[in-house]
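Novice: Sequence first, predicted model second:
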Amino acid sequence: METKVNDFLARAKENLDKINRMNDAIKKAGGLFYQYRPCRIDKNTIYDIENISHGVVYARSPLYMNDPFDSELGFSSEKLMDELVEVCIENIDASVSAKKLMGFILKNKLLNSFTDLIKGLNLLKKELNISLPTDLNKEQLNRVRHRLEAGIKKLPKDLQKIFNKKNLDNVFALIISINSLEINEEEINNIVNAQGALDKIVEQINEIRENVYANTYRKFLSTINISCFSASGWNNALMWAHYANSYGGICIEYDFSKIKDFIGFIYPVDYLHPRPLLSIKDLGITKDNLKGSTEVTGETIWRIIDYLLVKDKVWDYEKEWRIIDVQQSGKPSFIKLPYIKSITMGPKVESLVKHWVINLCREKNIECYNLKLSYDSFGINRERIDLEDFKFNFDDEGNFVVHLSEKFSKTGDELGKLQKSIREKVEEGEFDYDTFVELLTQVEDGIMFGYYLRHSINNMRKYDEGLLEPVEEQVVKALQSIDNFVDNKGTLSDMQVSIVGILHKGLINYKQFKFINSKLDSICSLIEYYQERAVAK
């Protein structure tokens, strides 16, 4: 799978026409795209803030979207069965008309409408009121067919869909082939003289439908991640209500026009009705490949991507765009996107989150705004916050210090568990890449917690040392731990040397090696940043 995905990415990058059209569409849309985030006081808020700090956006499998129809496999049962029957009887040694008749019988069996088929045939026999000989001439056959068409119109409406014009030849063949007035399943099976073959095909079709068709689609979805944005601006009232904690969250503004490197396929969502459907051919299942490889390649990938870019019209207020990131692991990913122009905070944003966002904007040189509701209309506006002159509420600042101290302490506990797990694997001659990356991520986050904690403490000391008295013991302990935590660049240098040896032993691949090195470089930069700026009073 990894090789094929890499081949796909290589082909996509080489396809300048697709990439250029994508870039042109971004420019035409204005280049500015938005993510609305809830920012409650929970772990997701911390992840949001950390992602902004790290210059990335979170992407996850489309299998977990909030719209229940989004990315779910959409298909017509009847059309799907037509396709499955067609490919499965293609290789049978029989005439075209015999194959069509066999397909008609199979389809009704598989759609659980075979009983209705027999019921309708018997009603037609009764309407015709004849027992047909097998040696009718052409003129007689034409009269029977004409009477048959008239009889079909008299059938109950729930049966007429089986006996439509598309199926008339098959119905006619059954009617003239069975002499008795009472038709049953055995007589129908005897006509095609292939009960064993029918059973085998039914089994084959069910296998393809259940274990190939749906699995191929879902397996592909597990290899891609999606990050969603809105092109509707920062003032979309419905987005604030639905995605930003009912005006208690934030709206992050990204400038996609600054993207220089390929970070994924960036396309707008189309809002359509009726729902688009995926056929078996869309998933690469053909008469020559009935079992399917469950691997999606070539143009099939683009058919599925197109399918993933369609939602119901009720969602068109979102004006959604998607970054589609092709992965191998089936795990969430982080797409590098540091081009944040502004962050707007809702009027109900919690004070702790507000402190965090303002600190972040000040350090990252991001424009920061408060959202304002109009007094005389249903309009919303925003006003820019002067980050340098912003005056904090020091009760809130004290709460912020306590909160960050607790977060840093929990990060230290988690690091101890991860280090133990890694050591145990090393003793067994193994290297747990995922756990090691998690360790580095926790280190990175711990430094960020330490940085913001230092910043708040320095901010409070600047005005009044007495403000810290209620939490002095906790603060001193936290600062000592943080200083010990960041004063460890030598260990990081040792890690960078060790990771080369791990690569040479074949315990990680080159792509993993590069990622770990980039993480270590990022941590070293954060430590320098902390020591130069956070510690300064």
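Specialist: Cool, the structure landed. Numbers count the residues shown, from 1 in each chain.

Novice: Need the CA coordinates for stretch 257-269. PDB is fine.
Specialist: The C-alpha trace of stretch 257-269 is given here as PDB (Å, rounded to 0.1, in the frame of the first residue of the first chain):
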ATOM      1  CA  SER A 257      -1.900  32.400  -1.000                       C
ATOM      2  CA  LYS A 258       1.300  32.100   1.000                       C
ATOM      3  CA  ILE A 259       1.500  28.300   0.600                       C
ATOM      4  CA  LYS A 260       4.500  27.400  -1.600                       C
ATOM      5  CA  ASP A 261       5.000  23.700  -1.000                       C
ATOM      6  CA  PHE A 262       2.600  20.800  -1.800                       C
ATOM      7  CA  ILE A 263       0.600  20.100   1.400                       C
ATOM      8  CA  GLY A 264      -2.300  18.100  -0.100                       C
ATOM      9  CA  PHE A 265      -5.100  18.500  -2.500                       C
ATOM     10  CA  ILE A 266      -7.100  21.700  -1.800                       C
ATOM     11  CA  TYR A 267     -10.500  21.800  -3.400                       C
ATOM     12  CA  PRO A 268     -14.000  23.400  -2.600                       C
ATOM     13  CA  VAL A 269     -16.900  21.300  -1.700                       C
END
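
Novice: Averaged pLDDT, that stretch. What do you get?
Specialist: For stretch 257-269, mean pLDDT is 89.

Novice: What lies in contact with it?
Specialist: If you take CB atoms under 8 Å, 6 or more residues apart in numbering as the criterion, stretch 257-269 is touched by 12-13, 19, 22, 25-27, 29, 31, 59, 227, 231, 256, 305, 309-311, 315, 318-326, 335-337, 339. From N, CA and C alone the C-beta is placed, and that goes for glycine too.

Novice: Can you report how many residues lie near residue 40?
Specialist: Residue neighbour count, defined by other CB atoms under 10 Å, stands at 15 for residue 40.

Novice: same check, this time on residue 388
Specialist: Neighbourhood size, residue 388 [other CB under 10 Å]: 6.

Novice: That one belongs to a helix, doesn't it?
Specialist: No - counting by DSSP: H, G, I helix; E, B strand; the rest coil, residue 388 is located in no helix; its state is coil.

Novice: ok, it - contacts?
Specialist: By CB under 8 Å, 6+ apart, the contact list for residue 388 reads residue 362.

Novice: shift numbering so it begins at 48
Specialist: Will do, 48 is the new start, and the previous item becomes residue 435.

Novice: Now it, what are its backbone angles?
Specialist: phi -70, psi -40 (degrees, to the nearest 10).

Novice: hang on, the earlier thing: buried subset of the contacts of stretch 304-316 as a ChimeraX selection?
Specialist: In ChimeraX, this line selects whichever of the contacts of stretch 304-316 come out buried by 16 or more other CB atoms under 10 Å:
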select :59,73,76,78,106,274,278,303,352,356,357,358,365,366,367,368,369,370,371,372,373,382,384,386
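
Novice: Return the subset of the contacts of stretch 304-316 lying in strands.
Specialist: In strands, defined here by DSSP state E, the members of the contacts of stretch 304-316 are 106, 274, 357-358, 367-373, 382-383.

Novice: and those, which two are the farthest apart?
Specialist: Distance extremes for the ones in strands among the contacts of stretch 304-316: the farthest pair is 357 and 383 at 27.1 Å, using CB to CB.

Novice: Out of the ones in strands among the contacts of stretch 304-316, which is nearest to residue 347?
Specialist: Distances from residue 347 to those, taken by CB to CB, are shortest for residue 373, at 13.4 Å.
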